[in-house]
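> Model the following, please.
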Amino acid sequence: MRVSVFGLGYVGAVTSGCLSSFGHSVVGVDPADTKVALINQGKAPVIEKGLDQTISEAVARGALRATNDARDAVLATDLSLICVGTPSKRNGDLDTTALNQVCTEIGNSLREKQSHHSVIVRSTVLPGTIRNVVIPTLEKASGKRAGIDFGVGSNPEFLREGTALDDFIAPPKTVLGVEDERTAANLEALYGAIDAPLIRTSIEVAEMIKYSDNVWHAVKVAFANEIGVLCKSLTIDSHEVMDIFCRDSKLNLSSYYLKPGFSFGGSCLPKDVRALTHKARSLDLDLPLLGSILPSNEKQTSRGFEMIAQLGKRPVSILGMSFKAGTDDLRESPILEIVERLIGKGYDVRIYDRNINLSKLVGANKDYLLRMIPHVSSLLVESLDEALSHGEIVVIGNADPEFRAIADRVLPTQYVVDLVRIKDHRRLNGNYNGISW
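Sure thing, here's the model as predicted:
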């Protein structure tokens with residue numbers, strides 16, 4: 001393919017070199033004369049293992065050249081990748097100055113172009129930037145319409161400095177946020193040489209995934225460091241702890257626990273977070289990440305309550321009371337906190353959970369329930385039908401498979417507040433709302 005890469009900094013230089021090594025014809029574009037000259041001399045404008053050789057070979061083959069002229073680059077290529085910097089402003093917001101400038105230059109060039117052209121943002125941009133900044137700027141400058149006269153998309157990069165070429169050639173995923181078929185086909189052809197999952201999604205999801213990745217990496221670093229601080233104070237080898245921690249790919253390093261939903265509860269997580277953070281305080285350690293876990297969890301519980309309260313309806317049916325479906329464990333179940341608040345506000349509440357039988361509850365589990373809701377026996381109903389016939393608001397409190405069928409059973413006049421994302425939620429009527437979706 002014929003590709004122009006706007007911005008010859010770290011991402012743009014690596015992208016230009018790697019794409020040209022796949023056999024594509026690449027034109028790099030940058031306002032800095034020094035970068036343009038280095039590329040044309042077969043040299044990398046940034047320090048990265050293997051990049052000098054890759055660029056040198058591409059330039060020697062005639063597969064890569066650089067220019068200051070955006071018009072020349074757009075007219076000579078079929079697809080433009082935007083790789084300009086998006087630094088932070090002083091208030092933390094994204095500075096899109098370079099992005100705006102490049103989109104204006106590309107848009108002005110598109111006015112002269114008769115053939116189809118795709119503009120793909122590879123820079124890291126906040127969700128909504130392409131829709132609200134890139135597309136309007138391109139359309140204004142070109143006098144053309146996105147998705148009709150030219151294509152637009154998002155293709156975030158996942159490169160680590162020091163291993164960028166390996167990451168480009170063998171990535172964990174290639175994400176294409178694109179809506180028109182012609183642009184999608186161009187991007188699929190562009191990355192055809194890469195043996196990695198090719199994931200097509202919406203523009204906004206593609207924009208968000210890069211932030212999700214990077215913030216998760218930041219959380220991991222901060223988590224490991226805070227565990228290390230605590231271990232040092234306790235004369236424990238933090239690296240041995242984390243080496244063993246990382247051997248667990250079933251729970252610790254996996255997708256488990258990484259689905260947005262309701263607050264955590266149960267007999268382990270709240271208790272253990274509480275104990276560890278108390279231990280840190282007793283050692284005069286300030287561990288803000290670990291210390292924020294329980295407050296964050298409580299905020300999610302409050303969000304769930306507010307979703308119900310905002311509907312202004314009084315009869316409420318709760319489906320699922322245990323903190324996890326398939327159990328009768330009620331200890332620190334966040335749905336009990338919701339029920340307690342609803343009762344305190346005068347709501348008419350009924351609860352259905354096929355795994356909860358008061359006569360069979362024993363020990364700490366029963367004590368916790370009766371302490372939270374002393375008159376719970378008057379709130380429990382014996383069937384899903386009875387629960388559904390009561391509530392103007394139906395709250396799905398855990399992921400019991402039985403609740404997946406309610407899409408065919410709720411009335412158009414009933415509101416559904418889903419705290420767990422039941423399987424067939426898209427079949428529910430317009431009165432459906434999920435806590436994080």
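
> Now for residue 40, how many residues are close by?
Neighbourhood size, residue 40 [other C-beta atoms under 10 Å]: 15. (Glycine included, C-beta is placed from N, CA and C.)

> what's near enough to touch it?
By C-beta atoms under 8 Å, 6 or more residues apart in numbering, residue 40 lies in contact with 59, 65-66.

> Report pLDDT for it.
We have a pLDDT of 98 for residue 40.

> how much space between it and residue 56?
11 Å (C-beta to C-beta, to the nearest Å).

> I'd guessed residue 323 sits against residue 353; true?
No. Checked against C-beta atoms under 8 Å, the pair residue 323 and residue 353 is beyond contact range at 10.9 Å.

> Buried only: go through the contacts of residue 40 for me.
Neighbour counting with 16 or more other C-beta atoms under 10 Å marks 59, 65-66 as buried within those.

> Same list (the residues you listed) but as a markdown table, adding distance to residue 163 and secondary structure.
Converted to a markdown table, the buried ones among the contacts of residue 40 look like this (distance: C-beta to C-beta, whole Å; DSSP: H, G, I helix; E, B strand; the rest coil):
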| residue | distance to residue 163 | secondary structure |
| --- | --- | --- |
| 59 | 23 | helix |
| 65 | 26 | strand |
| 66 | 24 | strand |
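
> Between those residues, which sits nearest residue 226?
Proximity of these to residue 226 (C-beta to C-beta) peaks at residue 66, which lies at 44.6 Å.

> Please report how far the closest one lies from residue 190.
19 Å.

> Show me the strands in this protein, by range?
2-6, 25-29, 64-67, 79-82, 118-121, 151-154, 174-178, 198-201, 315-319, 348-352, 393-396, 415-418, 432-434 (DSSP state E).

> can you redo these as a markdown table with distance to residue 261?
Listed next are those as a markdown table, based on distance: least, C-beta to C-beta, whole Å:
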| stretch | distance to residue 261 |
| --- | --- |
| strand 2-6 | 40 |
| strand 25-29 | 44 |
| strand 64-67 | 47 |
| strand 79-82 | 35 |
| strand 118-121 | 30 |
| strand 151-154 | 26 |
| strand 174-178 | 23 |
| strand 198-201 | 21 |
| strand 315-319 | 15 |
| strand 348-352 | 19 |
| strand 393-396 | 10 |
| strand 415-418 | 9 |
| strand 432-434 | 9 |
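
> mind putting the ones you listed in TSV, mean pLDDT included?
TSV is the format used below for the strands of the chain (pLDDT from 0 to 100):
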stretch	mean pLDDT
strand 2-6	98
strand 25-29	98
strand 64-67	98
strand 79-82	98
strand 118-121	98
strand 151-154	98
strand 174-178	97
strand 198-201	97
strand 315-319	97
strand 348-352	96
strand 393-396	97
strand 415-418	96
strand 432-434	94
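
> Tell me which of those strands approaches residue 375 most closely.
Short answer: strand 348-352, nearest of these by C-beta to C-beta, at 10.7 Å.

> show me what contacts residue 121?
82, 99, 129-130, 134, 152-155.

> Now flag whichever of those is closest to residue 294.
Taking the contacts of residue 121 together and measuring to residue 294 by C-beta to C-beta, the closest member is residue 129, at 33.7 Å.
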